[in-house]
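> Structure, please.
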Amino acid sequence: RNLKVTIYKLLRKSEKYTKTDMVYLFKGGSILSFGKFLNSLIIFGVSIIWANFIPKEIYGQYKYLLSFVGIFSLFSLTGMGTALTQSLSRKENLNLINKVLKIKIKWSLLGTVLGLILSAYYFFLKSNPILATTFLLISIFHIFINNFPIYQSILVGQRKFDTLIKTNILINLISSLATIITILLTENLIILLFVYLIINSFLQVKTFFYIKNKYTKEAEKDKEEEQEVVKYGKQLSALGILSNAANYLDSLIIFNFISPVSLAVYAFAKALPNQFKGLMKNMHSLIVPKVSGNDPRDIKNGLNKKTSYLIVIGSIVFLLYFIFTPFVFDTFYPKYSESIKYTQLIALGFVVLPARVYLDSIFNAHRLKKSQNFRTIFTNIFFIVTLLILTPLWGIYGVITSKLISYYASFFLSLIFLKKELTIKL
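From the prediction side, this is the model:
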């Protein structure tokens, strides 16, 4: 009890500097972050096994292939999930869920065609039966992995967040255990990928039907609503193509223009920063309702001060990460000591990460979509261009530099656009 009182007092005192309800963020953030923390812990445990039992060459090829699972998701209309969530938050509609799934599967067949083309390319032109076989597997199983997770839209739409957290943890745990067992038994790339694909496909399909049957019911067909959801979902998917493609482009370029070993080194360098960014993004859903009711004048007047405080917090996090990273890698990833210098450089993004989460929350809370979309499109194009220029010159350093430049550019654009938009609202 004394500890709770002490934490409460510290949080209240910190509000003088952060100008934010820290008790609210701590309570809500602890609930949202619990699931993410457990999933991160599981991922961390699996990464230790990968780092110590699988050669870098094999791991680099494995990460390259998983990138294509993500790339093929672009054909699955990724924006459909958000559109479906918004509709289901208003009323249950089993017919709509089935319709959205059918549309997603139909479009994802384009990914299957691309996978078969790549399989044929590696078999006939590159004489690489291993990559040919793996692309054949991906062309089949990506349909299940990329489409059936729309059960998450059902749970979010009905605010079943505890069920969503438990479900994600269970799926991640089962998949990770299967991966660990496979790693301990073999280094065969085809088997490693096949186990990942078959286990995750089964879990996603099984979970979808379980959630759908438990939390939805038949409803009268509403053709107008269905058409609206499909149209909005396609619009969101189109807007997200560039940013989703940019997420995987770095891996493709490193694998094809540097080496699979370099991709393995880079993958471990960005693994821990990505998990931390995921934890920070949980705060977004807590900040949005807090700032949505705030007067634009108050937000604008306190914007510079609050952003500065958040940058100070981000800088402290960066310094701590920079100091302790060598210990973490020497202890858990001794074969990847080369990744230390890269992960420390990637962590420079931590400096503005808390501030950027706050700015993004204001964009969403006050529905400043036009500026937000322009910023996203501009920074993604900028990232792709700098990536193509700097990677041949500086290798992995070039990839990381292009990411950092575009990330900071996005932050400063957010600040500029927000000041402009909030001034217009006054």
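
> from here on, contacts and neighbour counts on C-alpha atoms
Will do.

> buried ones in stretch 82-100?
Neighbour-count burial for stretch 82-100 flags 82-88, 92-97, 100 (criterion: 16 or more other Cα atoms under 10 Å).

> and that stretch, how far out from the chain's middle?
The chain centroid and the centroid of stretch 82-100 are separated by 23 Å under Cα atoms, centre = their mean, to the nearest Å.

> The buried residues of stretch 82-100 in helices, which ones?
Judged by DSSP state H, these include 82, 83, 84, 85, 86, 87, 88, 94, 95, 96, 97, 100 as members of helices.

> picking that back up, just send the buried residues of stretch 82-100 back as JSON lines, with pLDDT and distance to residue 274 too.
As requested, the buried residues of stretch 82-100 are exported to JSON lines (pLDDT from 0 to 100; distance: Cα to Cα, whole Å):
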{"residue": "82", "pLDDT": "81", "distance to residue 274": "22"}
{"residue": "83", "pLDDT": "84", "distance to residue 274": "26"}
{"residue": "84", "pLDDT": "84", "distance to residue 274": "27"}
{"residue": "85", "pLDDT": "81", "distance to residue 274": "25"}
{"residue": "86", "pLDDT": "77", "distance to residue 274": "27"}
{"residue": "87", "pLDDT": "79", "distance to residue 274": "30"}
{"residue": "88", "pLDDT": "76", "distance to residue 274": "30"}
{"residue": "92", "pLDDT": "66", "distance to residue 274": "34"}
{"residue": "93", "pLDDT": "69", "distance to residue 274": "35"}
{"residue": "94", "pLDDT": "71", "distance to residue 274": "35"}
{"residue": "95", "pLDDT": "79", "distance to residue 274": "37"}
{"residue": "96", "pLDDT": "84", "distance to residue 274": "34"}
{"residue": "97", "pLDDT": "88", "distance to residue 274": "31"}
{"residue": "100", "pLDDT": "92", "distance to residue 274": "30"}
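
> between those, which is nearest residue 141?
Residue 141 lies nearest to residue 100 out of the buried residues of stretch 82-100, by Cα to Cα, at 18.7 Å.

> got a list of what that closest one touches?
Residue 100 makes contacts with 80, 84, 230, as judged by Cα atoms under 8 Å, 6 or more residues apart in numbering.

> got it, and residue 202?
By Cα under 8 Å, 6+ apart, the neighbours of residue 202 are residue 144.

> Quick one: distance of the helix or strand hosting it to the chain centre.
Assessed by DSSP states H and E, residue 202 sits inside helix 189-215. Mean-position distance between helix 189-215 and its chain equals 19 Å (Cα atoms, centre = their mean).

> now do stretch 119-134
For stretch 119-134, the distance to the chain centre is 30 Å (Cα atoms, centre = their mean).

> Start and end of it, how far apart?
One end of stretch 119-134 to the other measures 8 Å (Cα to Cα, to the nearest Å).

> ok, and what's touching it?
65, 118, 135, 136, 189, 190, 193, 194.

> which of the residues in that stretch are buried?
119, 120, 121, 122, 123, 131, 132, 133, 134.

> how near is residue 168 to residue 159?
Distance from residue 168 to residue 159, by Cα to Cα: 15 Å.

> now, among the buried residues of stretch 82-100, which is nearest to residue 257?
residue 82 (35.4 Å).

> Where is the longest helix in the protein?
Every helix in the chain considered (DSSP H), the longest is helix 296-332.

> Show me where the chain has its strands.
Secondary structure of the chain (DSSP state E): no strands present.

> Go ahead and flag the most central residue of it.
residue 278 (6.9 Å; Cα atoms, centre = their mean).

> Excluding covalently adjacent residues, which one is nearest to it?
residue 36 (7.6 Å; Cα to Cα, 6 or more residues apart in numbering).

> tell me the contacts of the one you found?
So residue 36 contacts 165, 278, 279 (Cα under 8 Å, 6+ apart).

> Now flag whichever of the residues you listed is closest to residue 179.
residue 165 (21.0 Å).

> Would you confirm that that closest one contacts residue 38?
No - with contacts counted by Cα atoms under 8 Å, residue 165 stays clear of residue 38, the gap being 9.6 Å.
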